[in-house]
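# Show me how the following folds:
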Amino acid sequence: QVQLVESRGGLVQPGGSLTLSCAASGSILSIAYVSIAYMGWYRQAPGKQRDLVATISSGGNTNYADSVKGRFTISRDNAKNMVFLQMNSLKPEDTAVYFCTLNAWEGTTRGHRDYWGQGTQVTVSS
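Predicted coordinates:
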């Protein structure tokens, strides 16, 4: 199993900035044949589905939702199994619960498996 612990979100004024972090832990990550394919962030606004925000592979390849390109930056510390989301120029429509996610390759029997954090609330409002 993998545990994902997100940093606290918060209330930010429009145009402001906030950085989220997420730390992954779990004994399975120490197994030699287990690797992290990617880590990332999704978000879910009230009454809406959970949508991709950004992901980053172990090699550093990034993928962003169109709505956050140019404003958000995802980064990763592979040594610490951590992922970060720098959010700038925040808008009210960025208000949502942000979820950290990790996709791990757990060998030929288990294959790829997704893990999720508990989520952290980000509210953008004046």
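# Now do stretch 9-29, average pLDDT.
In this model, stretch 9-29 has an average pLDDT of 95.
# So what touches it?
Contacts with stretch 9-29, where a contact means CB atoms under 8 Å, 6 or more residues apart in numbering, come from 1-7, 34, 36, 39, 41, 80-92, 98, 100, 102, 104, 106, 115, 117, 120-126. Bear in mind the C-beta positions are built from the backbone N, C-alpha and C, glycine included.
# host element of the residue lying farthest from the centre of the chain?
Distance from the centre of the chain peaks at residue 109, with 26.1 Å (CA atoms, centre = their mean). Per DSSP states H and E: residue 109 is located in helix 107-110.
# Please enumerate the strands of the chain.
With DSSP state E as the definition, the chain shows strands at residue ranges 3-6, 10-12, 18-25, 35-44, 50-57, 62-64, 72-77, 82-87, 96-105, 112-116, 120-124.
# Including mean neighbour count, could the ones you listed go into JSON lines?
Conversion of the strands of the chain to JSON lines gives the following (neighbours: other CB atoms under 10 Å):
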{"stretch": "strand 3-6", "mean neighbour count": "17"}
{"stretch": "strand 10-12", "mean neighbour count": "15"}
{"stretch": "strand 18-25", "mean neighbour count": "19"}
{"stretch": "strand 35-44", "mean neighbour count": "20"}
{"stretch": "strand 50-57", "mean neighbour count": "18"}
{"stretch": "strand 62-64", "mean neighbour count": "15"}
{"stretch": "strand 72-77", "mean neighbour count": "18"}
{"stretch": "strand 82-87", "mean neighbour count": "21"}
{"stretch": "strand 96-105", "mean neighbour count": "21"}
{"stretch": "strand 112-116", "mean neighbour count": "14"}
{"stretch": "strand 120-124", "mean neighbour count": "18"}
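# Which strand residues bridge the residue most central in space within the chain?
With distances taken as CA atoms, centre = their mean, residue 41 lies nearest the centre of the chain, 2.5 Å away. Going by DSSP bridges, residue 41 is paired in beta bridges with residue 54, residue 100.
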